[in-house]
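Trainee: Generate a structure from the sequence data that follows.
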Amino acid sequence: MTEILEPPRPTEQRVRRAVDSSPRSSPSVPPELLADAARRLGWLALIYVGATMVGHFGRRAAITLTGASAFGFQLSDMFALAAIAMGIAVYFATRSQQLSSNRVLDVGLFFQVAGAFGIAVTELSARSLPTIDTLFAYVPAECVWIVLFPLVVPNTPRKVLVASLLAASMGPAALGLLSAVTGAPIPSPLLVAAFYLTSNYLCAIVAYLVARIVHRLSMRLKHLREIGSYELIERIGEGGMGEVWRATHRLLARPAAIKLIRSDVLGSSQRTREAMVRRFEREAKDTAMLGSTHTIDIYDFGVTEDGEFYYVMELLDGISLERFMQLYGPMEPARVMYVLQQVCHSLGEAHARGLVHRDVKPANILLCRLGPDDDFVKVLDFGLVKHVEPSGPMLTIEGVTAGTPAYMAPEVALGRPGVDGRADLYALGCVAYYLLTGEPVFSADSDVATALAHVQTEPVRPSLRSEFDIPPALEAIILDSLAKDPAARPASAELFSERLAAAMPQDAWTPRKAHAWWELHRMDLLRTAADGPAVAPDDEHAAVTAHGRRCWPRLEPKPLSHPSVVSQ
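Mentor: Modelled structure (predicted):
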């Protein structure tokens, strides 16, 4: 079923809802904590099984080896075997896909109580029942279990209190059961009550207090990891300006990538920061209105209460061309042409609207699987985009170069005014050169030297550095795009694309071939999934701590003619 969903509306009501969902107003456990707790419950069950086997049967075997007693079946063995079976059952319950994380934690509460009973009855049945003289000489083993359990498997304080009190009652219950089975008398009931009140039940109160602290911290962390209607899940990239996080919309369950730009990199003064935020806002709006299917979608943007600017972008399944080159090396010419034509589609629309990307490079071009399409290209990170306006302010950030030296056009390196879309086509020629040869057009010991090489040095023909037989027409396009004079380059992205189409047969690289490649390398790509989705990870932005983020989204939803389509 396909639903047409509009991007979330950035209204005051939505912001108020985000703020109201504070730790004080939500008694539930955060979803990510639920999943982690469910996994840890499984491992705790295995530890419980191992400890019972070693602690009970290992001790029995050691006593037998010393000749102190024969290894016969005892009442305590039955309880130990039951405890082992219960632990194994809980482990498999946590690993099954039949139960939700909430249900698994409910099983965990039962396991806490039953596990305490198993520990108490196994310990007491392995020795004679305590007398008045020996009653206060030992600490019940279930005390450790009662305190440890909510630390490993957190839950809401109320549930932990109920389960801990029940678990504390398992000591007296086990004592009464063994007294009834063996006929041994119980010492003074008042002394027994005092003993368990100062041991088991005291530990239950401690467990409750621990649960309150853990729950308060987890809810605070959940609140700190919320930006508007989105919740931050995990960091997937960082660099000199901030961070990129995997996130999900709390109402639509839509995955997204959120880029946070630290407030300190926007300028040293309040006036500069405000001017840069306004500039980012304008450019985010312009980028969001780009309709090319090969341009990354921006769902929302805004400013947190700490002055951090953020973008909310689509989360893509694929790898950047930079990562592709690291894994597989140079790309065949037919595929390079196929990729570049899609990049031209994105840049062509941006240039027609008077926008220049200014940071076209392999790390900002994603090769992905989008629906049924393979080798689908998305151009990322329009964060350095600028308007082509003689009187307009340049987007510059203190300490940050507008572009990447290895892909920087000469006019950008020289800081000349009037930079237009042909600077992006120069960078695209550098990308094509790198894809075909596996080496940048120019490389030097420093960024400054690399930028100067783009200004002063003529490039070596890619055919002399590539392992592929590059068609002369394709090589000519690349060399033309690398001309020092912008007037000597292709006049537009559309013309660049047309020349690419004429350079090679259209069936040189087809969707069928792309699909075959992705199927062949499916396992390789799954193994690299731990690196996170590619959203320009190499320059996405340095350490930013999760401060409290009350935020003000500012992006109006796109018109209904440009809906986001989510397939389910």
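Trainee: Going by C-alpha atoms from here, please, whenever you check contacts or count neighbours.
Mentor: OK.
Trainee: so where's the stretch 101-250 of the chain shaky on pLDDT?
Mentor: Across the stretch 101-250 of the chain, residues meeting the criterion (pLDDT under 70) sit at 126-138, 220-226, 228, 239-240.
Trainee: could you pull out the strands for it?
Mentor: Secondary structure of the stretch 101-250 of the chain (DSSP state E, counting those that start in this stretch): strands at 226-227, 230-238, 242-249.
Trainee: Test my guess that residue 185 contacts residue 178.
Mentor: No: using CA atoms under 8 Å, residue 185 is not in contact with residue 178, being 9.6 Å away.
Trainee: Show me which of the two is the more surrounded one.
Mentor: Using other CA atoms under 10 Å, the more surrounded residue of residue 185 and residue 178 is residue 178, with 20 against 14.
Trainee: List the contacts of the more buried one.
Mentor: Shown in contact with residue 178 (CA atoms under 8 Å, 6 or more residues apart in numbering): 121, 124, 125, 184.
Trainee: Now a ChimeraX select for only the buried ones of those residues.
Mentor: For the buried members of the contacts of residue 178, the matching ChimeraX selection, counting by 16 or more other CA atoms under 10 Å, is:
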select :121,124,125
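Trainee: can you tell me which of the contacts of residue 178 are in helices?
Mentor: Applying DSSP state H to the contacts of residue 178, the entries found in helices are 121, 124, 125.
Trainee: Wait, the last one touches residue 78, no?
Mentor: No: in this structure, residue 125 is not within contact of residue 78 by CA under 8 Å, at 10.1 Å.
Trainee: Now residue 359: closest residue in space that isn't a chain neighbour?
Mentor: Of all residues not flanking residue 359 in the chain, residue 403 sits nearest, at 4.6 Å (CA to CA, 6 or more residues apart in numbering).
Trainee: Please identify the buried residues of stretch 161-171?
Mentor: By neighbour count on 16+ other CA under 10 Å, the buried set for stretch 161-171 is 161, 163, 164, 165, 166, 167, 168, 169, 170, 171.
Trainee: How far does it sit from its chain's centre?
Mentor: Centroid separation for stretch 161-171 versus its chain: 38 Å, with CA atoms, centre = their mean, to the nearest Å.
Trainee: just for the stretch 401-550 of the chain, where's the confidence low?
Mentor: Low-confidence segments of the stretch 401-550 of the chain (pLDDT under 70): 401-402, 524-550.
Trainee: Among the contacts of residue 178, find me the one that's closest to residue 496.
Mentor: Residue 496 lies nearest to residue 121 out of the contacts of residue 178, by CA to CA, at 79.9 Å.
Trainee: Just give the closest residue to the closest one, not the sequence neighbours.
Mentor: Excluding the flanking residues, the one nearest residue 121 by CA to CA, 6+ apart is residue 174, at 5.0 Å.
Trainee: Near the one you found, how many other residues are there?
Mentor: 21.
Trainee: hang on, isn't it packed against residue 120?
Mentor: Yes: in terms of CA under 8 Å, residue 174 counts as a neighbour of residue 120; the distance is 6.1 Å.
Trainee: need the helices for the stretch 1-150 of the chain, in chain order.
Mentor: Applying DSSP state H, counting those that start in this stretch to the stretch 1-150 of the chain gives helices spanning 12-20, 31-52, 59-65, 75-95, 101-125, 142-152.
Trainee: TSV for the ones you listed, including distance to residue 451?
Mentor: As requested, the helices of the stretch 1-150 of the chain are exported to TSV (distance: least, CA to CA, whole Å):
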stretch	distance to residue 451
helix 12-20	44
helix 31-52	45
helix 59-65	73
helix 75-95	55
helix 101-125	54
helix 142-152	54
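Trainee: mind checking the SS state of residue 303?
Mentor: State at residue 303, reduced to three classes by DSSP: H, G, I helix; E, B strand; the rest coil: strand.
Trainee: which residues does the residue lying closest to it once chain neighbours are set aside form a beta bridge with?
Mentor: Distances taken as CA to CA, 6+ apart place residue 309 nearest to residue 303, at 4.5 Å, with adjacent residues excluded. Under DSSP bridges, the beta-bridge partners of residue 309 are residue 261, residue 303.
Trainee: And for the one 5 residues further on?
Mentor: In this entry, residue 314 is beta-bridged to residue 256, by DSSP bridges.
Trainee: I'd say it and residue 297 touch.
Mentor: Yes: using CA under 8 Å, residue 314 is in contact with residue 297, at 5.6 Å.
Trainee: and residue 497, what is it in contact with?
Mentor: Residue 497 sits next to 340, 341, 344, 345 when contact means CA under 8 Å, 6+ apart.
Trainee: Out of those residues, who's the most crowded?
Mentor: Greatest neighbour count in those, by other CA under 10 Å, goes to residue 344: 25 neighbours.
Trainee: my hunch is that that one is in a helix, does that hold up?
Mentor: Yes: read with three-state DSSP, residue 344 is one of the residues of a helix.
Trainee: From residue 421, how far off is the nearest residue to it once chain neighbours are set aside?
Mentor: Sequence neighbours aside, residue 493 is the residue nearest to residue 344 in space, at 5.1 Å (criterion: CA to CA, 6+ apart). To residue 421, residue 493 is 8 Å away according to CA to CA, to the nearest Å.
Trainee: go on, residue 378?
Mentor: 18 Å.
Trainee: neighbour count winner among those two?
Mentor: Neighbours per residue (other CA under 10 Å) separate residue 378 from residue 421, with residue 378 holding more: 26 against 23.
Trainee: so what's that one closest to, chain neighbours aside?
Mentor: Residue 378 sits nearest to residue 294 (CA to CA, 6+ apart), 4.5 Å away.
Trainee: does residue 358 sit in a helix or strand, and which one?
Mentor: Under DSSP states H and E, no helix or strand contains residue 358.
Trainee: For the closest residue to residue 439 other than its chain neighbours, which three-state class applies?
Mentor: Counting by CA to CA, 6+ apart, residue 439 lies nearest to residue 433, which is 7.5 Å off, once chain neighbours are set aside. Of the three states, residue 433 takes helix according to three-state DSSP.
Trainee: So residue 433 sits against residue 476, correct?
Mentor: No: if you go by CA under 8 Å, residue 433 and residue 476 don't touch, sitting 11.4 Å apart.
Trainee: Between these two, tell me which one has more neighbours.
Mentor: Under the criterion of other CA under 10 Å, the comparison of residue 433 against residue 476 puts residue 433 first, with 27 against 16.
Trainee: what sits against the nearest residue to residue 160 once chain neighbours are set aside?
Mentor: In this structure, residue 160 finds its nearest non-sequential neighbour in residue 208, 6.0 Å apart by CA to CA, 6+ apart. Contacts here follow CA under 8 Å, 6+ apart; on that basis residue 208 touches 157, 158, 160, 161, 164.
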